[in-house]
Structures are given as C-alpha cells and as structure tokens.
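In: sequence and computational prediction follow.
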Amino acid sequence: MNEQIVLAALNILVVDDEINIRKTLSVCLETDGHKVIAVSNFQDAVAEASRRSFEVAFVDLRLGTANGLDLIPKLLAITPWLKIIVITAYASIDTAVEAMRRGAADYIPKPFTPAQVKLAVQKVSEISLLEQKVAALKEDLGRSNPELDFSTSSPAMQHALSLARQVATTDATILLRGENGTGKTVLARKIHAWGKRADRPFGNISCPSIPAELLESELFGHIKGAFTGAIHDSPGRIAACECGTLLLDEIGDLPLSIQPKLLRFLQDHEYERIGDCVTRRADVRIIAATNIDLEKAVQDGRFREDLFYRINVIQIEVPPLRERRDDVAPLAERLLLFFGRTNHRHFTGFTEEALQALRSYPWPGNIRELRNIVERAAIICPNDHIGIEHLPETLISHQVIPQIGDLVNLEKIEELHIRRVLVATKSLQEAADILGIDQATLWRRRKQYGI
C-alpha cells in the first residue's frame, strides 16, 4: 500500500467563468484544508495575484472572450514560483503543449473528479517542495559551513535552545540577541526546521550588507520601471517566503526610512512593492537578530521604539563562546572532522596543549573565529594531530603558562617554552640559538615532547 503524503495547507487561486466549476473546485480543495480564492475572469485573477501570494492556480483556458493561455505568463510574472494547473473542456495535444510552453505545470481535462484534482495538487506541491530543498542545499553548499549540532554543557546555551524549541512551533516573532559569530543565523534556521513551517521557504536578509536604497526592494519587491535599473518586476523576499520564515539579520542596521513599513507588515501582514499602489498580503514569520544594544539605539533615535516592542515578543539571548568554555573542545573536534573531510585528510584530534590554548582564549570572534582557526590548523598541519604550534600566535599568547615557582615540574615549563620559541621563530637554527642549545639537542627535545 502506498503511503499517502499529507500536504501542508496551500493558498490556491481558481480562475473559471463557470460558477459551478468554481464552487466544485473550492469545496474539493477546502475539504483538504487549503485556502481558496475563486474568480471568474482574467482581470480579477491578475488583481488577486497582485494582492496576495498563491502556491497553486487552476486556470480555465476559456474565460469568456479572454484566452486562459494568455493569463499563464501574466500570473508567472507576478509570482514566479506559482504552479499553474490548466483545466479545460476542449482538451487537445496542441493546447496541452502550448500551455506547458507558456509555463503551466500540469493539465487536466473537464469533467474531472475530486481524485484528479487532489492528485494534481499533490504532484505540483511535491515539485515545489523539491525545488525549495534544492535551493536550500545550494545555499548550504555555497556557505561551505559545517552544520553545528548545538550540543552544549552550558546552562545559558541550554536555556536558549530550550526556549527556541518551545517557541518554534508558534508564529511568534523572535528576537535573537548575541555577539557576532555566536551562531544566531544557524539557530534561526533550526527554529524554522523545528516549527510547522519547516517545509516552506527560509529566507535571510543581512541588513548591513545591502545598500539602503536597495534594501527596501530586496524586502518588499518592486515593479518594472520603479527606479533606474528596475528592468523587470521583482517579488521581493517577503513574497518569496510565503508561509515560511524570513530572518532579518542585524536588524539594528535597518534604515529608519524602512522601519515604519516593516512595522506595518508585522502588525497587518500588508505591504506594497516599490512603484506599485497595490496592497499585498503575506503570511511570513519574522525572526530578527542583532548584536547591538537596541534599547540604546531607541534612545539615540536610530531605531523606532514601537518596532522594537513589536519584534521583541520572544527574546532569546545566545551566549558568547567565552561563557561556554566547556563547549570549546567538543566544537573544535567537530569542526576538525568537517575540515578533515573537506581537505581529504584524517585527523585524530588535538594535543592537550592545543586544547588548553583553545580553552584559555577569550574568543572575541566567537564560533566564527574558532571555525577559522581550526580550518587554518587543518590546512597547515603536516600530520594527523593538531598541536599548539599549528595555532596562531595571538591565540597562544593568551594561554596560561606556568611561571617559575608554580607547582609544576621542570619538564612542563621547558616544553611550553620550547613550543613558544618554535612558533615565534622561522627556523630550527634560530630557535636553537635563542634557547642556547644546538640543533641536535633541540631535535631530541622535539621528539621527546612530540612537537
């Protein structure tokens, strides 16, 4: 027995000039939990598609005096990801081929049964889901980042993850706070994956990385001719994330001119594209992230107070890595495995001295800095064990080195001193000269200490 796939509720547009067909299709689709808007003509179809996002459209080929084939490219220009199912009582090979050429995804003849309608919706929905997964995979490959599993022994991080899981299944707006590099973007993706919108799109806009004059277009979209360079319509990220999640990264850098428009969308789910007077609606969950003090930004007049309260429904604080010292070694080991696979190498781990240096470092760049340091070590290390000599000098200088009078044996002090001199010099001869020993003795010490 084939397992029946349960589809998420879709926004579906029905375009047919026969009222009985509109009613039949609406009842059939709404019974399966879909939201249906039914119209009878070309103009109303374009108007509805302009106001809200649809995933699927049923289009009759004969709409009074209008041709449904001409409606297909119009709808796709407004919503490029729309899946159009053509319906007609005048089915033929030629019309089917022409419909597909113009962008239709499927074709069913009249009269049709509820089973045919459900199968057609299932087919195009599965195609959409696969397209979204492929896009997500391409984005992941483009980032070339290991997927952190968030294993942690830090109470603060455990609390953040527990709260994130708890609110993931709701539609509440979430504000992620924390320093750069703490993993806010990764956590936002996890919240999306843990929630009921997991099979819908996830979008990410980095507010500081897009020029202010283009950020509004990136967020809300624009129509052709709205400004210089707008050579075609653009739906914007909000429309592209319909029924999904949009992360506004570093929202503290959002220009003041855009903040009222975002506030309106958060309150009413309504917006307009640049250059267009048509009001559109969208169902998109917003996650915001910031590394700045938004309260101070409000006091300084750089961030609207009403917008701050609107995005601060659920606040999750992501702790810096220096407050998660017990997590540093496990994170480094997992990153080393990742970069070993990336570089076709096998590493057995870090020396104890290297791990101690990693634990002692304050990590101002957090997980992002740890990732870069481990990647560097994986590239320059000639053997299968990462030693302290493969770590940057800036990191080694922060480690706690025993001093004369500390309760440690002389060998440990000698080993650490030799390691630091080797890192700071360009050749064995230079290191031997500084240490006051010959190269043969230095070679024996390196062998003794596994340097």
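Out: Looks like it arrived, so ask away.
In: wait, isn't Leu129 in contact with Ala198?
Out: No. Counting by C-beta atoms under 8 Å, Leu129 does not reach Ala198; the two are 10.7 Å apart. No exception for glycine: its C-beta is placed from N, CA and C like everyone else's.
In: domain assignment for the protein?
Out: 11-133, 158-319, 321-399, 401-451 (automatic domain parsing).
In: would CSV of those domains with distance to Ser151, mean neighbour count and mean pLDDT be doable?
Out: As requested, these are arranged in CSV below (distance: least, C-beta to C-beta, whole Å; neighbours: other C-beta atoms under 10 Å; pLDDT from 0 to 100):
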stretch, distance to Ser151, mean neighbour count, mean pLDDT
domain 11-133, 25, 18, 88
domain 158-319, 10, 18, 93
domain 321-399, 6, 17, 89
domain 401-451, 29, 14, 79
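In: please enumerate the strands of the stretch 151-300 of the chain.
Out: Secondary structure of the stretch 151-300 of the chain by DSSP state E, counting those that start in this stretch: the strands cover 174-177, 202-206, 245-249, 270-271, 280-281, 285-290.
In: residue contacts, Asp327?
Out: Ser151, Thr152, Ser153, Ser154, Met157, Leu321 (C-beta atoms under 8 Å, 6 or more residues apart in numbering).
In: helix, strand or coil for it?
Out: helix (DSSP: H, G, I helix; E, B strand; the rest coil).
In: what's the separation between it and Pro155?
Out: According to C-beta to C-beta, to the nearest Å, Asp327 stands 11 Å off from Pro155.
In: repeat that for Pro109.
Out: 63 Å.
In: repeat for Ile418
Out: 39 Å.
In: same check on Gly387?
Out: Counting by C-beta to C-beta, the gap from Gly387 to Pro155 is 32 Å.
In: need the contact list for the closest residue to Ile418 other than its chain neighbours.
Out: Excluding its sequence neighbours, the residue lying closest to Ile418 (C-beta to C-beta, 6 or more residues apart in numbering) is Arg445, at 5.7 Å. By C-beta under 8 Å, 6+ apart, Arg445 lies in contact with Glu414, Glu415, Ile418, Ile437, Ile451.
In: could you look up the SS state of the second one?
Out: Think Glu415. Three-state call for Glu415 (three-state DSSP): helix.
In: now the nearest residue to it once chain neighbours are set aside: how far from Arg359?
Out: With sequence-adjacent residues excluded and distances taken as C-beta to C-beta, 6+ apart, Glu415 is closest to Tyr449, at 4.6 Å. Tyr449 sits at a distance of 20 Å from Arg359 (criterion: C-beta to C-beta).
In: same question for Arg420.
Out: Distance from Arg420 to Arg359, counting by C-beta to C-beta: 17 Å.
In: how about the strands of the stretch 151-300 of the chain in JSON lines, adding distance to Leu119?
Out: Shown next, in JSON lines, are the strands of the stretch 151-300 of the chain (distance: least, C-beta to C-beta, whole Å):
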{"stretch": "strand 174-177", "distance to Leu119": "37"}
{"stretch": "strand 202-206", "distance to Leu119": "28"}
{"stretch": "strand 245-249", "distance to Leu119": "29"}
{"stretch": "strand 270-271", "distance to Leu119": "35"}
{"stretch": "strand 280-281", "distance to Leu119": "29"}
{"stretch": "strand 285-290", "distance to Leu119": "30"}
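In: indicate which one of those strands is closest to Trp363.
Out: Nearest of those to Trp363, taken as C-beta to C-beta: strand 174-177 at 17.6 Å.
In: any residues touching the closest one, and which ones?
Out: 164, 167, 184, 187-188, 191, 286-291, 311-318.
In: at 7 Å instead, please
Out: The contact list for strand 174-177 (C-beta atoms under 7 Å, 6 or more residues apart in numbering) reads 167, 184, 187-188, 191, 287-290, 311-312, 314-318.
In: all the helices of the stretch 351-451 of the chain, residue numbers only.
Out: Remark: helices assigned in the stretch 351-451 of the chain by DSSP state H, counting those that start in this stretch are 352-360, 366-380, 393-396, 410-424, 428-435, 439-449.
In: how far is the fifth one from where the chain is centred?
Out: Taking C-alpha atoms, centre = their mean, to the nearest Å, one finds the center of helix 428-435 at 50 Å from the center of the full chain.
In: repeat for the last one
Out: In terms of C-alpha atoms, centre = their mean, the gap separating the centre of helix 439-449 from the centre of its chain is 50 Å.
In: same check on the fourth one?
Out: Distance of helix 410-424 from its chain centroid, counting by C-alpha atoms, centre = their mean, is 44 Å.
In: now for that helix, which elements pack on it?
Out: helix 393-396, helix 428-435, helix 439-449 (3 or more C-beta pairs under 7 Å, 6 or more residues apart in numbering; DSSP states H and E).
In: and the ones you listed as TSV, adding distance to Arg237?
Out: Output for those, formatted as TSV (distance: least, C-beta to C-beta, whole Å):
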stretch	distance to Arg237
helix 393-396	38
helix 428-435	55
helix 439-449	55
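In: Ser234 is in contact with Lys224, correct?
Out: No. Lys224 is not in contact with Ser234 according to C-beta atoms under 7 Å; the separation is 8.7 Å.
In: ok, longest helix in this structure?
Out: Longest helix in the chain, counting residues (DSSP state H): helix 114-143.
In: and it with strand 202-206, angle?
Out: Interaxial angle of helix 114-143 relative to strand 202-206 (axes from the mean of the first three to the mean of the last three C-alpha atoms, to 10 degrees): 40 degrees.
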